[in-house]
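Asks: no sequence for this one, just the structure:
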Ligand code: SAJ
């Protein structure tokens, strides 16, 4: 504890969640030790700089580092509260990999003392927090662990998932409700007291397994609903309908809220977390598993349609607009746009250019394809085909006058005035062109 009774905190894992979390805890007045396996990351943070793009994070880190409230190391040190925010990827067979969580648990066990609190934040399969507790109990038989003793435990262990939206991380870390799952109610209370130091929204306590499942359910729900939108877009292509128009109208129903089609689902959350549920109940999850298949299938559908368009215009130069997994951020992990653009570049070579305002260079998979990274102005001047893969604002604002004569495949519906087929409006029906086209 430091002078005004704020706990010393250690955040293990300084990535897209860990670093913003560490910075916000430091801003709340706690002394924070950030721990990461990467010496480069540690050195960057100790210089008061950041290695990830997140709105306002650079200023916040600079401030708390210069105030001496946040420092980073590759070595775990003692603290009162430990927050684990390490990656939990899945293996090729879609089984969850919690090895980074267990490695963090092992490192923390070595420095744990009576009264400490361990909180797992990484998205994890149900039961992981108990596995973490068992690991600590094995490594530290001197400590009474929750759920394994009839006496008052020496430490508290809880699970508290984050649910921030990249691009709004700092705002949502403070203003989103939190589900806090304790191995025991006492553990949940200890974790609750910690989160109340910096969370302004409601903190709901529950048990660890419910909190673990809540996180997975939130993302699986979104994946299933995105799959519905993507399936509608494939049906609309077959029927010659404007799916964006149909969704816009359907969503006017008071109880309908269809999400937006895209070129597939990217990122390290929505495309990953549903598999944690499937892994836990493989026979009982046909809908969740099928939704994953629909979203992955949409990527193949977009590649097919894009290839048809490019083949239909053999002399046309192509601009793929966007590589990020979603709009207005520089996160390219698991991005369908990246996969689609690279596939086109491998197929069509130097005819394919890429516009990605959040990238300084093309990712490695574009090497030896002949593709080049250009800006949107060059694409509008030099390219005949525009394939919209990411709904970056800088693409959305391009006026019809600058793209009206291009062949456009818009997988994000950012240009309503250039959809194929565009809905014919009443006033258009009155023009001779519309009568001829409508005949
Ligand atoms: N997407 C669509 N159509 C949509 C919405 C999203 O195609 O209507 C695509 C996006 O383009 C992107 C992918 O889905 O490729 C995921 O984007 P996202 O905005 O849905 O989600 P993430 O991964 O940035 O953040 C999600 C959020 N979860 C929910 O909204 C339930 C966030 O709150 C979580 O904290 C985050 O996962 C996480 O870390 O789990």
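Replies: Received it, and whenever you're ready, just let me know what you need. Here the structure is a predicted model, which is why all the values come from computation and not from measurement.

Asks: where are the low-confidence patches of this protein?
Replies: 1-4, 420-439 (pLDDT under 70).

Asks: and the residue of it nearest the ligand?
Replies: Per CB to the nearest ligand atom, residue 262 is where the chain lies closest to the ligand, at 2.8 Å. C-beta: built from backbone N, CA, C; applies to glycine.

Asks: how about the residues of the protein that lie near the ligand?
Replies: By CB under 6 Å from any ligand atom, the part of the chain that sits against the ligand consists of 123, 162-166, 218-219, 222, 226, 259-260, 262, 265-267, 269-270, 325-326.

Asks: What count of nearby residues applies to residue 365?
Replies: For residue 365, the count of nearby residues is 15 (other CB atoms under 10 Å).

Asks: Nearest residue to it in space, please, no chain neighbours.
Replies: Leaving aside its chain neighbours, residue 365 sits nearest to residue 342 (4.4 Å; criterion: CB to CB, 6 or more residues apart in numbering).

Asks: follow-up on the earlier one: which of the residues of the chain next to the ligand are buried?
Replies: 123, 162-164, 166, 218-219, 222, 226, 259, 262, 265-267, 269-270, 325-326 (16 or more other CB atoms under 10 Å).

Asks: how does the protein divide into domains?
Replies: 9-201, 273-438 (automatic domain parsing).

Asks: For the ones you listed, give me CSV that also has distance to residue 247.
Replies: Below are the domains of the chain laid out as CSV (distance: least, CB to CB, whole Å):
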stretch, distance to residue 247
domain 9-201, 21
domain 273-438, 8
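
Asks: tell me the most buried of those?
Replies: domain 9-201 (a mean of 19; mean count of other CB atoms under 10 Å).

Asks: chain center to that one, what's the gap?
Replies: Its chain's C-alpha centre and that of domain 9-201 lie 18 Å apart, by CA atoms, centre = their mean, to the nearest Å.

Asks: and that domain, how far apart are its ends?
Replies: 21 Å (CA to CA, to the nearest Å).

Asks: Quick one: the strands in the stretch 151-300 of the chain, in order.
Replies: 156-159, 178-182, 203-207 (DSSP state E, counting those that start in this stretch).

Asks: Residue 402: which of the ones you listed is closest?
Replies: Residue 402 lies closest, by CB to CB, to one member of those: strand 178-182, at 45.0 Å.

Asks: Give the closest residue to residue 384 in space, chain neighbours not counted.
Replies: Excluding the flanking residues, the one nearest residue 384 by CB to CB, 6+ apart is residue 316, at 3.8 Å.

Asks: My guess is that neighbour contacts residue 407. True?
Replies: Yes. Taking CB atoms under 8 Å as the definition, residue 316 is a contact partner of residue 407 at 6.7 Å.

Asks: Mind listing the shared neighbours of these two?
Replies: Shared contacts of residue 316 and residue 407, defined by CB atoms under 8 Å, 6 or more residues apart in numbering, comprise 384, 385.

Asks: Show residues contacting stretch 220-228.
Replies: Against stretch 220-228 from outside (CB under 8 Å, 6+ apart): 258-260, 262, 265, 270-271, 273-274, 277, 287-288, 290-292, 294-295.

Asks: my bad, should have said stretch 42-49
Replies: Under the contact criterion CB under 8 Å, 6+ apart, stretch 42-49 has outside partners 14, 19, 34, 36, 50-51, 58, 61-62, 65-66, 70-74.

Asks: Fine by me, we can end here.
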